[in-house]
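Engineer: show me the folded form of this:
(one chain, ligands or ions: 2)
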Amino acid sequence: MSNLIVHGGNPLKGRIIPSANKNAVLPILCATLLSAEPIRLRGVPEITDVKKILEVFRKLGSSVQMDFKTGILDIHHRDTHFDPAVDRLPEEMRSSIMLVPGLMARFGAARVEDDVKGCTLGAREIDPHVEVFERFGARVERLADGLSLHVAGKLRANDHWTDYASVTTTENFVLCAALADGSSTLMNAASEPHVQEFCQFMQMLGAKLEGLGTSRLSIHGVERLGGGDFTFAEDFHEIVTFLALGGITGGDVQVKNSHPEQFPLIDRTFAKFGVQITHEDGWSRASIVAPDGRLKVKEPFTRNILQKVEAAPWPYLPVDLLPIFVALGVKAEGSMMFWNKVYDGAMGWTSELSKFGAHAFLSDPHRMVTFGGKPLSPAEVESPYIIRVAIALLMVAASIPGRSVIRNAAPIRRAHPHFAENIGKLGVRVEWVEGD
Ligand SMILES: CC(=O)N[C@H]1[C@@H](OP(=O)(O)OP(=O)(O)OC[C@H]2O[C@@H](n3ccc(=O)[nH]c3=O)[C@H](O)[C@@H]2O)O[C@H](CO)[C@@H](O)[C@@H]1O
Ligand SMILES: C=C(OP(=O)(O)O)C(=O)O
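Structural biologist: Residues are numbered from 1 along each chain as shown. Ligands and ions are numbered 1, 2, ... in the order given. All right, here's what the predicted structure looks like:
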């Protein structure tokens, strides 16, 4: 088990350049499989999920040259082969399922391991994916340890309207439609910044795609996709994380941010905790509003209601940011309700927060209330297998003078490269230790 030792109590100060967004990098890596031309990707982060997918590509015979020092990946799926009887896709990561369209389009067959669930956030069904694959003409069979998929000839273009705006289902639909035998339309498409970045990459490869960033995507299938050179944008999750770390420790952190237009709702959410975000000359900065330097929940104008943060599919506040704001809620004086409208199992870590002396109450599977501003002390806590919860626990620890331990913090490595080193550069000592 990988644990993090946090020596908290120092304000974080300085400038930081965030990495790319894991949830843009992974679908884009999967998308490269649709093309037999050379592709260069810039800004590829050194994270475990990326390494797992690159390892699979190497095993399948693709040319993969990854230099994590420069972040440049040269990838060429020219001599790629796939045998569903032998080859396996990476487990414990949701993104594996996005390798299916590339495998089906090139080899007429694919498989999915049972454990493609990713973070343990509650029910993470694969039914919407199976439905998409079937609509494109795939025959899907259940195996003892996963799913087997076969398709004869080209994928069949179709129109589809999903139950809800699912990020990876939308990406899988686009991946299937790009080389299908006609025009396809998806209604209720997801439109998160990482979905938009993925669609831009598909357009660079030559996919004919309209409606980018909206809930209606139209894709006109083409004969083949080309190659190209693509640079990743900064990860909004990481930008928010560093800004929140600055806020919770009473520091002064500036984070490079080329897309402040994505931030109005995020900024308003910070403001509910007494943190003001400003964007200037490509940098975002967090500062505490109260003259005494303390975080305070902004009272709602309407009397007798709880101030609240609601997370749902974009353009709502993204659910993956909710734990970061829960950490601010523990610290800020006042009460705040957090409402996760997506997952039914993402909030069950209040008992870990209470080990710091925090008061957080789980109202139901989707809602938590923090009664913040209580005295906190260092603690040894254990993170569930949820990337952003490990980060939230680390944030609370960083705000408390003394030594805390975050057990099972390895999920952070799935999304944030050199995280401990980066925080160290900003003034808080954080060390990885292997323990049990
Ligand atoms: C690799 C990747 O990109 N992972 C992200 C992706 O996962 P992923 O694409 O798996 O998430 P989905 O958007 O499909 O939603 C996950 C689950 O939430 C439930 N659900 C979701 C929306 C809704 O309106 N109703 C509903 O019930 C479903 O059980 C679904 O299985 O999007 C999630 C939601 O932003 C993020 O947490 C994940 O980090
Ligand atoms: C939940 C996440 O990832 P995944 O869907 O890959 O588990 C995440 O990025 O926060």
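Engineer: distance of residue 97 relative to residue 223?
Structural biologist: Between residue 97 and residue 223 the distance is 25 Å, computed by CB to CB, to the nearest Å. All C-beta spots, glycine's among them, are computed from the backbone N, C-alpha and C.
Engineer: could you list the low-confidence segments of the stretch 301-436 of the chain?
Structural biologist: In the prediction, the stretch 301-436 of the chain carries no residues with pLDDT under 70.
Engineer: just the pLDDT for residue 286.
Structural biologist: Note on residue 286: pLDDT of 96.
Engineer: please shift the residue numbers so they start at 44 in all later answers.
Structural biologist: Got it, first residue is 44 now, which makes that one residue 329.
Engineer: may I have the beta-bridge partners of it?
Structural biologist: For residue 329, the beta-bridge partners are residue 320 (DSSP bridges).
Engineer: hang on, it packs against residue 322?
Structural biologist: No - checked against CB atoms under 8 Å, the pair residue 329 and residue 322 is beyond contact range at 10.9 Å.
Engineer: so for the two, which residue has more residues nearby?
Structural biologist: With neighbours defined as other CB atoms under 10 Å, residue 329 and residue 322 compare such that residue 329 has more, 24 against 15.
Engineer: from ligand 1, how far off is that one?
Structural biologist: As for residue 329, its distance to ligand 1 is 23 Å (criterion: CB to the nearest ligand atom, to the nearest Å).
Engineer: ok, residue 388 next?
Structural biologist: From residue 388 to ligand 1 the distance is 10 Å (CB to the nearest ligand atom).
Engineer: if I read this right, that residue contacts residue 166, doesn't it?
Structural biologist: Yes - contact criterion CB under 8 Å: residue 388 and residue 166 qualify, at 7.1 Å.
Engineer: out of those two, which sits in the more crowded spot?
Structural biologist: When neighbours are counted by other CB under 10 Å, residue 388 and residue 166 differ, and residue 388 comes out ahead with 16 against 8.
Engineer: chain neighbours aside, what residue packs nearest to residue 406?
Structural biologist: Leaving aside its chain neighbours, residue 406 sits nearest to residue 412 (6.0 Å; criterion: CB to CB, 6 or more residues apart in numbering).
Engineer: now do the buried residues in stretch 101-121.
Structural biologist: If you call a residue buried by 16 or more other CB atoms under 10 Å, then stretch 101-121 has these buried ones: 103, 105, 107, 109, 114, 115, 116, 118, 119, 120.
Engineer: my read is that the first one contacts residue 124, right?
Structural biologist: The one in question is residue 103. Yes - here residue 103 reaches residue 124: they are 6.1 Å apart, a contact under CB under 8 Å.
Engineer: now do the helix or strand in which residue 475 is found: distance to the chain's middle.
Structural biologist: Element membership for residue 475 (DSSP states H and E) is strand 472-477. Once both centres are worked out by CA atoms, centre = their mean, to the nearest Å, strand 472-477 turns out to sit 23 Å from its chain's centre.
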